[in-house]
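In: Structure here, sequence nowhere to be found:
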């Protein structure tokens, strides 16, 4: 199967679905599900044939004479891990959207999203990477703007503009890279070839920081994530943010190792600030989904700290935590969105006693919440533990500060349980109906199972993750 | 020799006789198809003072395809005829090789533009036409002043612009450029455009801003590039300053407008700023490709949006953003065309607009102007503000008024042609790169 | 052996799952699953004990990330076995007891599943070889504790109590978590046996060792309800009494002491034992004095738990592993006995916990009164009950150690003596005298002999019998010969103190309760009373800090900064753009004359530029 199929196929398919999908909701749903499952299978196949080190070439297309602009597709372990994560999340998002209104348009956009996101992780040509990177914004803009909650327009436009401005910096950096090295293939670019590495480093760092997001470039996130429909919040948190972290690892840390080492303290400091600042924000929040959003930012702060270690172990931990974050935050977003959908309220104060009306839903919320605060037995703990160890190893004992971050996490998560799940049943909860579509509930259960499974058997993931950085570490690149 | 130029010229003359008959449109279509065929097979004007090139051939082809779309779209006899005339003049302008032919063809384009908009029905259209006419006459004055200075300074009328110039002829050429900037709507020659583009009929505006402007840009580049490249120390600061001021002014003024046409008019001015960056980036080998790419992308998307506005006004009487609300529910197809072309203008990838900007901006980076490019990129991001805002009205707001999905066939075909162009040149960049340096 | 150990580790989780799923059909199935699982676990532990030769050591690797490897080994020595016996033995009795105590609750599947999960966590904790395994078990128990305290989550108080329990213990836990990171950094190993060896060999940086030891101890403070992190333990009494007995009386709260005992050599080498002793002594005093004035049966026991765990900490802190751990073992048995006894009383008295409303129950609950009486004697430290020996040993060790002979020894002696006072008061107010609430007394039911009285009897006999095997226990837990410390006159002094206190409380609470009320009405006494009753207002202070400093200062400031500076800057772009647009708007009047003027001006500027630029 040509990889182009997975990049441009979805775009064509999306158009077909949009044109002919009206009144064929069930078919549309299964078609998109089939596509995402196929993507997963393809990603797993790629994993099986990956070489131990270096890239697997998937071909080059659309070469342009005299301009290093060519759709070069190459994958290594890092990109395949991201592809697997993306396709799994897409499957679960499709399941979670089973009862979404205006089905065919919604799924068409979902399918449209699948194309560029595959391209982002496969392309090693800087300009094509940028093209796909930008294209992911378009379906997201519509998904947030059309299906979002009451403040959707402000959120969608802010999200689109804010991240677009950041992309402009990235584009300029890519131009400078090409001018100074004469190649647009990121695997061939070496820092030593650059004449202005400092400028390029800052442009890239700020550009990717917005997507991750890192303080102080985070304010688009609470708005976008809160207003987006729940499954789209999952995509935003699980895939879009990960794009930022992926790019940060690949194009800042690995492509510009010297500058990154020089400015590591910037990454570290901003990561720590993000971790605590977002934690405090979550602690103060009474808006359920905003609390989850800030918790999401706080965890990305942890990822940033892990990236800042610039070490083999630290990057492995970062990648693991990225996956962990996706699996943990997703059910929280889904349930928060579902509660809003059913109760009409965002405020935790209006809820309470949910456990009495929807015990299983509450149980999954509790499990995901516990994972978010890093309880052992869940994927969250492994992420925090590995990051703590890696960070202390790189920067010395004072990074036990990270542990304090998980205390703040416990604070807001446990208080959320108290306000939403436990306690006397509130009027709002008593009136509302919490019966959930079986397919949507199944998606939640899968999330819960994955959280526990990878929490107990993290080596299944780490075997692949370590392989992403082992060759670079072996060459002394880390 | 029977070439593109003669075919179009004859067709235009013949069309005058066919007004009020059903034959006008078919004849125009036949003529434009014929010209496409002839251009494709490599015809050029066989007169002295004209010269063709690969890049010009590609651009002429695209120009004719876009005009085909315009003709498909257009119903009105007068406009159809003027479209054919403007095609004729454009072909001549693009191939002009001497100062004389250049000035004459440029004036021809200008005058046909005046004739085009002089088909006045409302007071607003009159205002637009008059403003354009007055500004045009001043610009012509400046242009001729420059030409005279150049000639006094030792320039020759019957030859391409001299690269080696005296102080006086250099000044003359820069004054000429200033006069030409009127058509390109570069600050300070832009004042008329914001009003005229918005006030005249949308299909006329499509020809003015989409077609005439790009033709002038390409011809100017072809004609002046050797000279400007020789005087970088003077041309780069002037061009960069004008480019930055033009795009910033255009974008900011477009931000909070309420009438769609006015937004697009200012956006057209902003785009002129981006185009001008190519003139500043002559040091780089990518400048010509960049300009060509930008022109190709721009001619497709700008013509498309104004033609769409024309459809919207005719069908729904839509003039303002407020009236645009919920169009996606009323007429999904038009909303889709509009969105794609707007995103192309905004520079969203896989659409021609992105590639055009990318190549021009890269050329400027290559020429060492990264700070100017940063401003241009931020401008481009700013412009997303109003494009996304239009899209917001299309999709996120509730519809007002009754829905009617049916569309006239021909305008839709014309939109499909323009959409295909926007998509093709967004993906297959090598089409342009292969001829980009053969100006 | 290895298989058996693995079964021991996994069985509780499987049991929990089966108990939950089967219990959904029928409540009784959940109970029986739990009972069977509990029995099996206890039997396996017994087999391990009987077959014990050398420590079972199973090194395992959990996962590798980057260049690091995280171990997850199993190590069961005698210390672990003793803890396992307590966990599974008391766990079994507790499950048995719950048959009646929780018999009417509709949510039994959930209850038994959580209890089994808890036992699983405890087993993991005490059989872990590495710090990570220990931490996992530690947190599992913390989770189970949280869930069980909030078992009646639909009510406000248990839900609040759960929050307290989780957050207080979590505060301690993050220090343990940090300690793991530091240990990895410092030594590269998380193996606790190896850590003891390394520290004894003097190969580690002493200052770092001290920091790590203190960090681990902070976690122990949280888990074992020591000063200042004890308030959660008092609130935890909102949970079912069976849970209080198992988790907050007998097993989980011991884990803090266990971890110090497990790393005893490390603590000794890090010279952190005095910290342990000091905090322990202070907590012992606070717990004992606060227990004196509580009204609720369970609160008395909770403060008593705090106080007695502190005594065990002091035992470790003054350098005697044997004394501390023996007291821990003894305490586990008699405290479980007392808690379950109180549970029997509460159940019989229709969930009345205020002992001032009880009284004279001895007539109706004779056996319960008798067995609880044995527990009371053991806790007070009357020979030949087990409590006497260990408490005596700790006090003696404290006096003998020159570092602790002064204040620490005094505080712990006072705490030891006061045990008699508060527990005697509890027993007397409940069982002796005349019933104070006649209506309630009439409704008191008799508990079932098999489900309720039998477990009490077993534990009562245990606490008596164990008194005769103190040296064996001491040798087991300390892995070496045990020599009983002797301090001249200590026995006589303690005994006379206990007898004196016993007489005083008998006089004040049974003979002349009216006099007690008069004394309590004195202003000074009233102030002291309220300080003690509220646990020295520690909880209030911590809440004040959490609310005013964390939430109202840090969090609120972040919120303000985010809204008014960072996001305001982003949103301010709109206003800024509007202003810029407005300014640019001046360039566009729309008048033809202005357009022409601009063009001419442009021409002039160009010419000027050409002139200054040197072109002309």
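Out: Yep, that arrived. Owing to the predicted nature of the structure, the values given are computational and were not obtained by experimental measurement. Numbers count the residues shown, from 1 in each chain, chains lettered A, B, ... in the order given.

In: Any figure for the gap between the residue in the stretch 451-600 of chain C that chain B sits nearest to and chain A?
Out: Among all residues of the stretch 451-600 of chain C, residue C:595 sits closest to chain B, at 3.4 Å; criterion: C-beta to the nearest C-beta. Just so you know, the C-beta spots here come from the backbone N, C-alpha and C atoms, and that holds for glycine as well. Shown here: residue C:595 relative to chain A, a distance of 32 Å by C-beta to the nearest C-beta, to the nearest Å.

In: Stretch B:418-432 near chain A anywhere?
Out: Yes - for stretch B:418-432, a contact with chain A is found by C-beta under 8 Å from any C-beta of the partner chain, at B:427, B:428, B:429, B:430.

In: my read is residue C:558 is in a strand, agree?
Out: No - under DSSP: H, G, I helix; E, B strand; the rest coil, residue C:558 falls outside any strand and is assigned helix.

In: Please tell me how far the nearest residue to residue C:223 once chain neighbours are set aside sits from residue C:339.
Out: Of all residues not flanking residue C:223 in the chain, residue C:256 sits nearest, at 4.4 Å (C-beta to C-beta, 6 or more residues apart in numbering or on different chains). Using C-beta to C-beta, to the nearest Å, one gets 18 Å for the distance from residue C:256 to residue C:339.

In: can you check residue C:192 too?
Out: 30 Å.

In: re the thing from before, would you write a PyMOL line that selects the buried entries of the residues of stretch B:418-432 next to chain A?
Out: Buried subset of these, written as a PyMOL selection, criterion 16 or more other C-beta atoms under 10 Å in any protein chain shown:
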select buried, chain B and resi 427+429+430
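
In: The residue in the stretch 251-400 of chain C that chain A sits nearest to: what's it in contact with?
Out: Residue nearest to chain A within the stretch 251-400 of chain C: residue C:255 (14.2 Å; C-beta to the nearest C-beta). By C-beta atoms under 8 Å, 6 or more residues apart in numbering or on different chains, the contact set of residue C:255 is C:122, C:125, C:126, C:138, C:141, C:220, C:223, C:224.

In: rewinding a little: which pair in the residues of stretch B:418-432 next to chain A spans the largest distance?
Out: B:427 and B:430 (9.9 Å; C-beta to C-beta).

In: hey, what's in contact with both of these two?
Out: Contacts common to residue B:427 and residue B:430, judged by C-beta under 8 Å, 6+ apart, are residue A:62.

In: near chain C, which residues of the stretch 251-400 of chain B show up?
Out: So far as C-beta under 8 Å from any C-beta goes, the stretch 251-400 of chain B lies against chain C at B:252, B:253, B:255, B:256, B:382, B:385.

In: Now tabulate those residues in CSV and tack on pLDDT, neighbour count and secondary structure.
Out: Below are these laid out as CSV (pLDDT from 0 to 100; neighbours: other C-beta atoms under 10 Å in any protein chain shown; DSSP: H, G, I helix; E, B strand; the rest coil):
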residue, pLDDT, neighbour count, secondary structure
B:252, 93, 25, helix
B:253, 92, 25, helix
B:255, 90, 19, helix
B:256, 89, 16, coil
B:382, 92, 23, helix
B:385, 91, 22, helix
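
In: So which of these is the closest to chain A?
Out: Chain A has its nearest neighbour among these in residue B:385, at 5.8 Å by C-beta to the nearest C-beta.

In: Would you mind confirming that that closest one makes contact with residue A:161?
Out: Yes - between residue B:385 and residue A:161 a contact is recorded at 5.8 Å, counting by C-beta atoms under 8 Å.
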